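Undergrad: One predicted model, sequence on top.
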Amino acid sequence: MLAATVRVTRDLDEAEEAVQDAYLQALKRWASDGVPDRPGAWLTTVARRTALNGVRHREVLRRKLPLLVEPAAAEPPEPAGPIPDDRLRLVFTCCHPALAQEAQIALTLRLVCGVATADIAHAFLVPEPTMAARITRAKKKIAAARIPYAVPSAEELPARVSVVLTVLHLLYSAGHTAASGDDLVRDELTGRALDLARMLRALLPAVTEVAGLLALLLVHQARRATRTDDAGRLLRLEDQDRARWDTAMVAEADRLVVEALKGGPPGRFGVQAAIAALHAQAPSYAETDWPQILTLYDVLLRLWPSPVVALNRAVALAMVAGPAAALAEIARLEEDGRLAGYRYLPATKADLLHRLGRDAEAAEAYRAALALSDNAVEQEFLAARLSGA
Amino acid sequence: MAQYAVLIYERVAPEDLPKEIMDRHIGLPERIGELGGKVTAGLALQPNETATAIRGDLVTDGPFVETKEVLAGVYVLEARDLDHALACAKLTPVVEGGVEVRPLVDFQVVAD
């Protein structure tokens, strides 16, 4: 509804006001006349009408103030993008690369998903006024710099989709492993991210990376229930009850992975999804196709030379070539320095040392990881590993 | 149409710019015109060392901020929206550095 209204106003604040106004009118009218057959359509129509009135009002004002008459501005051309969908335009506006990433995430939640600012602030552990200011700043930039409300041209589409997918992935990850707090899984954020990925998939069926991202999120979601035990304690992949993984979701992800990888050179999300799907198909941790996973990590590292990817590759390497070979990789990453402060680096190192029987060094690494984690569930897991090491 | 300033940050001094880059600077308004944008003004600045700063009554040598990126020039661009402006600004030839696109204050809208 907001998306349809903003097309009339070209101003997000005005559109939001019009939408809120429509809800108020609905409360009054529906109480006396009953709820219409299609309440959503009713609300959208009313919001757009309110918005249009606002726009006309401003235009009249402008005409009557002769000094301020603007040269007749050409009507902005109808966006020539391949998919004329309001929601999609709104997503591309919120995830415009000219906005800071944290603003992209906040705007997407606020404007595309309609999540209240207070809830967004809570999810990202910042005070509500901070989040409100972040959103206001971003809206101001959209207006001042004229960030268009449009689907990008075909030639820009891949790069712009990549920004959107990164936002959705971050959104899902923020919900999946909240950096602190007591709830490991924040269903609100993961659910929103998954909905958005499905929407994007429906609207951009030809973009293979969208299929890749949706597949990746589906595999995470399929395993979600088994990430913690009954007491809420974190379980490692090798300890999770694979019988409880959602097989329908994994099957859907598999089909999407095939699609993501068949058309042209693979993208980052397609390869990540392929790795996740291989894990999900394996009957057990030990029986996982580790050589294949290692190969995929090599591809991923070329597409996305990130030290986090290199760390994950080291885990696969340990399974193929043994913990000692992986420890050499860990040493390289420690020297590299970019992962300083990243808790999964000492946690992985501790696990490898433990497997080599070097328990004293393992305990030291577990303590280092513990000091870096502020998630209660993770802390408990690491503490348990430490006492077992 | 909206107005933007395109700030050109270039580490290579004007006298050291290759002829090919200078030619592309000269041809830039035409190329932007082909994209439907319009260059309405342009300024090329002498290097940082020639700048004089005035703060209050104090006159000193140099620009305010000494950075690796040197502001070498500015032009005013008319474009439909930010995406259009970015597409036009991408045509700016730069050897080492980049450009920054900033919307200009529209005083008509401010007064409104």
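TA: That came through, no problem.
Undergrad: Tell me how many other residues crowd residue 20.
TA: The chain I'm using is chain A. Around A:Gln20 there are 13 other residues, counting by other C-beta atoms under 10 Å in any protein chain shown. For every residue, glycine as well, the C-beta is placed using N, CA and C.
Undergrad: actually chain B
TA: B:Glu20: 9 surrounding residues under other C-beta under 10 Å.
Undergrad: element containing it, please.
TA: Per DSSP states H and E: B:Glu20 is located in helix B:19-34.
Undergrad: And for B:Leu77?
TA: Counting by DSSP H and E, B:Leu77 is found in strand B:71-79.
Undergrad: mean confidence score for that strand?
TA: Strand B:71-79 shows a mean pLDDT of 96.
Undergrad: Which of the three states applies to B:Leu7?
TA: The local conformation at B:Leu7, judged by DSSP: H, G, I helix; E, B strand; the rest coil, is strand.
Undergrad: In three-state terms, label the closest residue in space to it that isn't next to it in sequence for me.
TA: Among residues not flanking B:Leu7 along the chain, B:Glu100 sits closest, at 4.4 Å (C-beta to C-beta, 6 or more residues apart in numbering or on different chains). When classified by three-state DSSP, B:Glu100 comes out as strand.
Undergrad: Touching, B:Glu100 and B:Val6? I think so.
TA: Yes - using C-beta atoms under 8 Å, B:Glu100 makes contact with B:Val6 at a distance of 7.4 Å.
Undergrad: Those two: which is more packed in?
TA: B:Val6 (24 against 15).
Undergrad: residues of stretch A:376-386 that come out buried?
TA: Across stretch A:376-386, burial judged by 16 or more other C-beta atoms under 10 Å in any protein chain shown covers A:377-382, A:385-386.
Undergrad: Flag the least confident of those.
TA: A:Val377 (76).
Undergrad: so which helix or strand takes in that one?
TA: A:Val377 belongs to helix A:376-388, assigned by DSSP H and E.
Undergrad: that older thread, check which element follows the helix holding B:Glu20 along the chain.
TA: As assigned by DSSP H and E, the chain's next helix or strand after helix B:19-34 is strand B:38-44.
Undergrad: Which residue would be the closest one in chain B to chain A?
TA: B:Asp81 (3.9 Å; C-beta to the nearest C-beta).
Undergrad: quick one, what contacts that residue?
TA: A:76, A:146-148, A:150, B:2 (C-beta atoms under 8 Å, 6 or more residues apart in numbering or on different chains).
Undergrad: where in chain A is pLDDT low?
TA: Low-confidence segments of chain A, defined by pLDDT under 70, are located at A:6-10, A:19, A:23-44, A:46, A:48-84, A:177-186, A:389.
Undergrad: three-state assignment of the residue nearest the centre of it?
TA: Central residue of chain A (C-alpha atoms, centre = their mean): A:Leu168, 2.3 Å from the mean position. Of the three states, A:Leu168 takes helix under three-state DSSP.
Undergrad: any idea how far A:Ile293 is from A:Arg223?
TA: Relative to A:Arg223, A:Ile293 is positioned 16 Å away (C-beta to C-beta, to the nearest Å).
Undergrad: what sits against B:Arg55?
TA: B:Phe64.
Undergrad: Quick check: bridge partners of it?
TA: B:Arg55 has these beta-bridge partners by DSSP bridges: B:Leu58.
Undergrad: how deep is the nearest residue to A:Tyr285 once chain neighbours are set aside tucked in, by neighbour count?
TA: Distance criterion C-beta to C-beta, 6+ apart; nearest residue to A:Tyr285, sequence neighbours excluded, is A:Glu238 at 3.6 Å. Close neighbours of A:Glu238, defined as other C-beta under 10 Å, add up to 10.
Undergrad: The residue of the stretch 201-350 of chain A found nearest chain B: how many residues sit nearby?
TA: When distances are taken as C-beta to the nearest C-beta, the stretch 201-350 of chain A reaches nearest to chain B at A:Leu204, 17.7 Å away. The number of residues packed near A:Leu204 is 20, by other C-beta under 10 Å.
Undergrad: Also the one 3 residues further on?
TA: The criterion is other C-beta under 10 Å. On that basis, A:Val207 has 21 neighbouring residues.
Undergrad: Please name the spatially closest residue to it (chain neighbours excluded).
TA: The shortest distance from A:Val207 to any non-neighbouring residue, by C-beta to C-beta, 6+ apart, is to A:Val161 (5.4 Å).
Undergrad: what does B:Ala51 give?
TA: In space, and not counting its chain neighbours, B:Ala51 is closest to B:Pro63: 4.2 Å by C-beta to C-beta, 6+ apart.
Undergrad: OK, contacts around the one you found?
TA: Taking C-beta under 8 Å, 6+ apart, one finds B:48, B:51, B:53, B:71 in contact with B:Pro63.
Undergrad: Could you look up the SS state of it?
TA: Under three-state DSSP, B:Pro63 falls in the coil class.
Undergrad: how about the residues of chain B near chain A?
TA: By C-beta under 8 Å from any C-beta of the partner chain, the residues of chain B that approach chain A are B:1-2, B:4, B:80-86, B:101-103, B:108, B:111-112.
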